[in-house]
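S.K.: Quick one, fold the following:
(chains A and B)
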There are 2 protein chains.
Amino acid sequence: MSPGANERTAIDIAEMRSLANFDVTAVKMELRGGEMEWRKRRNIVDIISADSVFDKSQRPFMSRLERYQRAMAMANRIEELREHLKWDEREVDIAYSLCDEPVPLDLHTVPPAFAPVLSSQASADFLKEYGDLIRYRGILGAYAQTELGHGSNLQALETTATFIPEEQEFEIHSPTLTSTKWWIGALGRTATHAVVQAKLILPSGQDMGPHLFFVQVRSLEDHKPMPGITMGDIGPKAHGGYTATDNGFARFNRVRIPRSAMLSKFANVTEDGRYVKPPHAKLSYGGMLYIRSIMVTSAGWNLAKAITIAIRYTSVRRQGGPLGQEDQVIKYQSVYYRLLPILARAYVYIFLGRRMRALFQSMSSRLSSGDTSLLAETHAVTAALKVLTSSSTTESIEVARRAMGGHGFSAFAGIGRLYADQLPSTTYEGDNFVLDNQVVRSALKSLKSLRKRSSRDSATLSPSSEYLRYLESSPPLASSWYNPARSISLLQRRAAFIIQNLADNNSEDAGANQRASKAIAEAFVAARIGEILEEFRRLGVRERDVLRKLFLLYLIITVEDGLADILSFDLLPRDPKTRTRSDPTASLRAIINRLCLELLPNSIGLSDAFGFTDWELDSALGVSDGKVYEALWERAQLEPLNKETVVEGYTEHIKPILQRGQRLSKIQGKL
Amino acid sequence: MSPGANERTAIDIAEMRSLANFDVTAVKMELRGGEMEWRKRRNIVDIISADSVFDKSQRPFMSRLERYQRAMAMANRIEELREHLKWDEREVDIAYSLCDEPVPLDLHTVPPAFAPVLSSQASADFLKEYGDLIRYRGILGAYAQTELGHGSNLQALETTATFIPEEQEFEIHSPTLTSTKWWIGALGRTATHAVVQAKLILPSGQDMGPHLFFVQVRSLEDHKPMPGITMGDIGPKAHGGYTATDNGFARFNRVRIPRSAMLSKFANVTEDGRYVKPPHAKLSYGGMLYIRSIMVTSAGWNLAKAITIAIRYTSVRRQGGPLGQEDQVIKYQSVYYRLLPILARAYVYIFLGRRMRALFQSMSSRLSSGDTSLLAETHAVTAALKVLTSSSTTESIEVARRAMGGHGFSAFAGIGRLYADQLPSTTYEGDNFVLDNQVVRSALKSLKSLRKRSSRDSATLSPSSEYLRYLESSPPLASSWYNPARSISLLQRRAAFIIQNLADNNSEDAGANQRASKAIAEAFVAARIGEILEEFRRLGVRERDVLRKLFLLYLIITVEDGLADILSFDLLPRDPKTRTRSDPTASLRAIINRLCLELLPNSIGLSDAFGFTDWELDSALGVSDGKVYEALWERAQLEPLNKETVVEGYTEHIKPILQRGQRLSKIQGKL
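M.R.: Numbering: from 1, shown residues only, chains lettered A, B, ... in the order given. Model (predicted):
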């Protein structure tokens, strides 16, 4: 007898797994940064996943308070393990990342949060006093910037810090409802201290604009709010995102802090109330750029989780046709055409993220010696990539979820959770629409300075604007889509023409900046892919081949997505060889399909190479052994609604409906 | 003194409101189907919103069990009000719709659910016995089709109904884990009866394929599951969508039901076990087509809520520049360019939905007299529109949310909830990817039959394929974008060329069916907009003018979205008049911007015209008086995490972290 629909799933995934024609472990080590790093991680995964504090089975049913308490219990356990197992900072970071959701203590350490801001902007004296307390969580911090009425625009913040020379103190004050600090992670119920952005007011009444102040907000004795501070949690978030994090509010009613509490590495106020200017206005930019640079990597790993789940499930789910003859869903064109580009994107972002960290580090080391030469470049690149990766990752997670059909809407699928926690990345650390404008401004500046130069000087263009060289010379396109140079060059030409168009025409296009910013980011990523492909030379031939196809797919899908621009600038030659004389996109679409079909047998292998355990994925549909129906069944039995044989509330609400209905129907019958 | 950021909000919205240059009430009556219907609705809104059972203030903090109980309490209250106030079916429907979320009793009445399937497929005898009981909720129903291992593909369902002539009974049985009925709304904890899809097995062993059976699943005495049935809730859904609905599972272990429990209006089994064939295989299609036809309207009203919230908030939120000089967010290009097309889409779907209901009704009345001539047409149109409206509505709600920046991520914004409940519409009632293929198949059939005809016969094309006439003759485009005919014709030509391309070329394009289905749906909607614009002649000149601009914006934005296709078929003439010689899209983009700027002063008026009360919107950011910051503040105070001065769990989890950290930092200091 042939296996039933349930038994078939384990067979299907094993068969798909056996089709991989490359060394999965070799690719895994490449993704995970080498065997040492992989072993370190796996060791911590083993410890944490075996510990009941980190159990995830009840998580879908918990209230916010329970989720918050679970998050703090996990933090407490990690700090305990740090001490007992002598974990270093890297190991502690890995452990926190395994919490598998944003937790309040992230805000203590993840830039531009509490600790990083202090370490880059506080004075040496301050760090001597507080450095170890911060490192070992002897105090817990929050970074309090945004206000109820004001977002990332520092100019409009209303909170004041007025210097009172008589007492050598600052008075922190929230003069209005809209000046209430709002959205501040960990401030709601956790933090003992906060770095507060406030307008510095000198004794003369002069407003020196936003500066940073270190404020104790809760007692270290009993955790009660300090006098004059009204604090709380701002309430639940959309889709249950960031549930365990206590984004909070705070109002300050003339709260006094000592003069030494101003973060004074760069700017300062003297005892007699004079202002000491920072040597360079932009020295405090580092934190925001850092978080944007690591957002690429974290987007990549989030995508990796989502696509592992989706590829596994669609490999075992069968659909269409009569029972016993149904096809694996992933073999349908509409499904693989959607999922394999996401797999490619996850790989691209992970490798790209490494280059972004390197870029940030070289900028950062120059900055610490006062050299701001890389700042503008890093700002432009990280802003463009932040918009691109946050938007496309959010969208891709949802595409992956939807490709899973009905069961993808179950919370047990695990993808909804990834989406909800990824979602705010499109608005935090710089709203994407605001950043788009900055990206375009910077590109227009590069174009202007290019045009000013003697001539043919484009060899010195920085990586973020190298695409502009196509405005000076435009060699023929590589003729084959199999050559990555064709897509890379097309994407760079498109960015160049959009920027030229913006500069030269009095455009009335309200969406122009969004399209331009995207084109610039995609041109940048395309060029980096060219470099990354070169690096793969060190891999074995089969690993190199499969990764090359994956990155090629990413490039061509990006071209497809940008066709409206590319065609409107007439950049794509009409292909005389295809039968569709009228459609220059036919060969492009065909190559996408062929690449997908070539990658399909490796799809389980490529997602296995991310190296997630079932515990890490926490998805009934993404289980490694393919037994998705058994996993869904088991999880449904845990639903608290199922606790009693007859549901609680039957007598009060359901029985009266039935009895009334039976009575009315009888009356009706007698009429 | 100038008003502060908080006081400014009420002034801003009042000013924006005063800019409307048309009669808001007149447009409201047009949207709501006339004054009688509007008054009926308003009366029920007044009753329901004053009733504490329908209070929404605690909703964001409730567990699933509490949400479920609240839903059943609301249903009980509505049924009580029906009796006391002598509400008719229409009034009861309105009351249920005001629950403002999917509730279990929806599954009793909303097609293709319990009651509609029974009324269209059960015998007259059955309806005589059960009709009133169903109408007055003397029994509560569920429609049990999908199984754990199988979706909408009826051919693969595993549940069996075996006829046992000796006892004149059917035996309902779930032979495998994957045959477990799954996702069935209201089956989890509510329903007393279910219509079950099962393969009819004759005494000969012959499998007659899926048929419908009426099965009692819970006792009417004590609500306990009937013997042999294992039932429960399948667990929470992604993003907390459908929280109050008990989507459930059921396994049947040889459950007996009488022969009369087969729904036998069309097919039947005789006493001696012979099968009686239905007169026409497709007579049972009605329900699915009906729900798809009403999905357009409900998508429109969901969008209307989301865009009302977003337009109100972005009209009072100010950003950019120093305090006191910040601009209203909606005045930024990147914001109005995103929001006004959504406003247009909401209007289009509401008016289009009315035409779809009319189309369904004419098909339905023909069908009841055995005339299936409109069935294929209605199927093609509703499938295409179902895909288009469910996908674009989901996406638009998220675009609206994101345009609201950081606060849009608060649950109190109210948009996340709309998104979560709209989301499954992309996969239920026919997965969008599956429907795309059906739409394209039907279009290719129309093309084939068009080509077979004598010649120039395209005047007889049905509405769903009238765009194909452009393959026969292609008159010049209307020259101005201000003429809707230009966009309508472009969208129809694009659909025609895509279908021709699919028919004539051996396409290797894996995304072709998705693009083609979308093009067909958009061509259909465009043609209907042409007709709807004609109907606006009866309105006043200013109302007609503003609605005309709104619908024109929808058309042109749709063209912009389809540019990749339109350009690849070279359908858009390059414009010699613009300075951007190389870009044929410049004039299109410019007209979008101009239309947005013309509509902007009317944007609050146009969203007020939807007629939602604050209670209906349930959004801190969408309050009619603009006082968004006060509303956010008040709601945050209700968050249960804020109940105690020091958060519950401090002693167990937070205090140990702080004490350990202080101890370690001291040790470190001594080293």
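
S.K.: Residue A:558: helix or strand, and which one exactly?
M.R.: Residue A:558 is part of helix A:541-561, with elements assigned from DSSP states H and E.

S.K.: which helices and strands sit right next to that helix?
M.R.: helix A:24-32, helix A:333-368, helix A:484-504, helix A:512-535, helix A:586-599, helix A:603-608 (3 or more Cβ pairs under 8 Å, 6 or more residues apart in numbering or on different chains; DSSP states H and E). C-betas here are computed from N, CA, C, even on glycine.

S.K.: what about the residue lying closest to residue A:179 once chain neighbours are set aside, is that helix, strand or coil?
M.R.: Nearest residue to residue A:179, sequence neighbours excluded (Cβ to Cβ, 6 or more residues apart in numbering or on different chains): residue A:158, at 3.5 Å. Three-state call for residue A:158 (DSSP: H, G, I helix; E, B strand; the rest coil): coil.

S.K.: what residues are up against residue A:158?
M.R.: By Cβ atoms under 8 Å, 6 or more residues apart in numbering or on different chains, the contact set of residue A:158 is A:147, A:149, A:150, A:174, A:175, A:176, A:178, A:179, A:199, B:5, B:323.

S.K.: likewise residue A:16?
M.R.: If a contact means Cβ under 8 Å, 6+ apart, then residue A:16 has A:315, A:328, A:601, A:603, A:604 as its contacts.

S.K.: related to what we said a few turns ago, of the contacts of residue A:158, which belong to strands?
M.R.: Of these, the ones assigned to strands by DSSP state E are residue A:199.

S.K.: And the contacts of residue A:158, which is closest to residue A:166?
M.R.: Using Cβ to Cβ, residue A:199 comes nearest to residue A:166 of the contacts of residue A:158, at 20.3 Å.

S.K.: So what pairs up with that closest one in the strands?
M.R.: residue A:160, residue A:210 (DSSP bridges).

S.K.: who touches it in this structure?
M.R.: By Cβ under 8 Å, 6+ apart, the neighbours of residue A:199 are A:157, A:158, A:159, A:160, A:161, A:207, A:208, A:209, A:210, A:211.

S.K.: switch to 6 Å and redo it
M.R.: Shown in contact with residue A:199 (Cβ atoms under 6 Å, 6 or more residues apart in numbering or on different chains): A:160, A:207, A:210.

S.K.: now do residue A:563
M.R.: residue B:564.

S.K.: mind redoing it with 8 Å?
M.R.: Neighbour list for residue A:563: A:572, A:585, A:588, B:564, B:567, B:568 [criterion: Cβ under 8 Å, 6+ apart].

S.K.: Can you add mean pLDDT and give the helices and strands packed on helix A:541-561 back as JSON lines?
M.R.: Below are these laid out as JSON lines (pLDDT from 0 to 100):
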{"stretch": "helix A:24-32", "mean pLDDT": "96"}
{"stretch": "helix A:333-368", "mean pLDDT": "92"}
{"stretch": "helix A:484-504", "mean pLDDT": "95"}
{"stretch": "helix A:512-535", "mean pLDDT": "95"}
{"stretch": "helix A:586-599", "mean pLDDT": "96"}
{"stretch": "helix A:603-608", "mean pLDDT": "98"}
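
S.K.: any idea which of the ones you listed is most buried?
M.R.: For the helices and strands packed on helix A:541-561, the largest average neighbour count (mean count of other Cβ atoms under 10 Å in any protein chain shown) is found in helix A:603-608, namely a mean of 24.

S.K.: In contact with residue A:313, which residues are there?
M.R.: A:329, A:404, A:407, A:408, A:413, A:621, A:622, A:628.

S.K.: neighbour-wise, which of these leads?
M.R.: Using other Cβ atoms under 10 Å in any protein chain shown as the neighbour criterion, residue A:628 leads the contacts of residue A:313 with 29 neighbours.

S.K.: before we move on, the earlier item: and the contacts of residue A:16, which two are the farthest apart?
M.R.: Longest span within the contacts of residue A:16, Cβ to Cβ: A:328 and A:601, 12.0 Å.

S.K.: hang on, the earlier thing: from the contacts of residue A:158, which one has the minimum pLDDT?
M.R.: Least confident of the contacts of residue A:158 in the model: residue B:323, at 75.

S.K.: ok so, going back, nearest to chain B, of the contacts of residue A:199?
M.R.: Closest approach to chain B among the contacts of residue A:199 (Cβ to the nearest Cβ): residue A:207, at 9.9 Å.

S.K.: tell me the contacts of the closest residue to chain B within the stretch 251-400 of chain A?
M.R.: At 3.5 Å from chain B, residue A:337 is the closest residue in the stretch 251-400 of chain A, using Cβ to the nearest Cβ. Contact partners of residue A:337, counting by Cβ under 8 Å, 6+ apart, are A:592, A:593, A:596, B:510, B:511.

S.K.: Save those residues as a markdown table, and put in distance to residue A:261 too.
M.R.: Converted to a markdown table, those look like this (distance: Cβ to Cβ, whole Å):
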| residue | distance to residue A:261 |
| --- | --- |
| A:592 | 58 |
| A:593 | 62 |
| A:596 | 58 |
| B:510 | 60 |
| B:511 | 58 |
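
S.K.: and the two most separated of those residues?
M.R.: A:596 and B:511, at 10.3 Å, using Cβ to Cβ across the contacts of residue A:337.

S.K.: which residue packs closest to the closest residue to chain B within the stretch 151-300 of chain A, ignoring adjacent ones?
M.R.: Using Cβ to the nearest Cβ, the single residue of the stretch 151-300 of chain A nearest to chain B is residue A:238, 2.8 Å away. Closest residue to residue A:238 apart from its sequence neighbours, by Cβ to Cβ, 6+ apart: residue B:416 at 2.8 Å.

S.K.: now do residue A:400
M.R.: Nearest to residue A:400 is residue A:310, by Cβ to Cβ, 6+ apart, at 3.9 Å.

S.K.: I'd say residue A:80 and residue B:660 touch.
M.R.: Yes. Residue A:80 lies in contact with residue B:660 (Cβ atoms under 8 Å); the separation is 7.1 Å.

S.K.: The two - which one has more neighbours?
M.R.: Higher neighbour count among residue A:80 and residue B:660: residue B:660, with 18 against 14, using other Cβ under 10 Å.

S.K.: what sits up against the helix or strand bottoming out on mean pLDDT in chain A?
M.R.: Least confident helix or strand, chain A: helix A:106-109 with a mean of 77, by mean pLDDT, DSSP states H and E. Residues outside helix A:106-109 that contact it (Cβ under 8 Å, 6+ apart) are A:93, A:96, A:113-116, A:134, A:137, A:140-143, A:185-186, A:191, A:245.

S.K.: Just the strands from the stretch 351-500 of chain A, written as ranges.
M.R.: Counting by DSSP state E, counting those that start in this stretch, the stretch 351-500 of chain A has no strands to list.

S.K.: where does it dip in pLDDT?
M.R.: A:454-459 (pLDDT under 70).

S.K.: sorry, back to before: could you dump the contacts of residue A:16 to CSV with distance to chain B?
M.R.: Supplementary listing: these in CSV, determined by distance: Cβ to the nearest Cβ, whole Å:
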residue, distance to chain B
A:315, 15
A:328, 13
A:601, 16
A:603, 14
A:604, 19
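
S.K.: wait, which of those residues is closest to residue A:84?
M.R.: residue A:604 (38.1 Å).

S.K.: Closest to the geometric centre of chain A, which residue is that? Let me know.
M.R.: For chain A, residue A:299 is the residue whose C-alpha lies nearest the centre (Cα atoms, centre = their mean; 4.0 Å).

S.K.: Might you quantify the distance of the helix or strand hosting that one from its chain's geometric centre?
M.R.: Following DSSP H and E, one finds residue A:299 within helix A:286-316. Distance of helix A:286-316 from the chain centroid (Cα atoms, centre = their mean, to the nearest Å) equals 7 Å.

S.K.: repeat for stretch A:462-479
M.R.: With Cα atoms, centre = their mean, you get 30 Å for stretch A:462-479.

S.K.: Which positions within that stretch qualify as buried?
M.R.: Buried positions in stretch A:462-479, judged by neighbour count with 16 or more other Cβ atoms under 10 Å in any protein chain shown: A:464, A:465, A:466, A:467, A:468, A:469, A:470, A:471, A:477.
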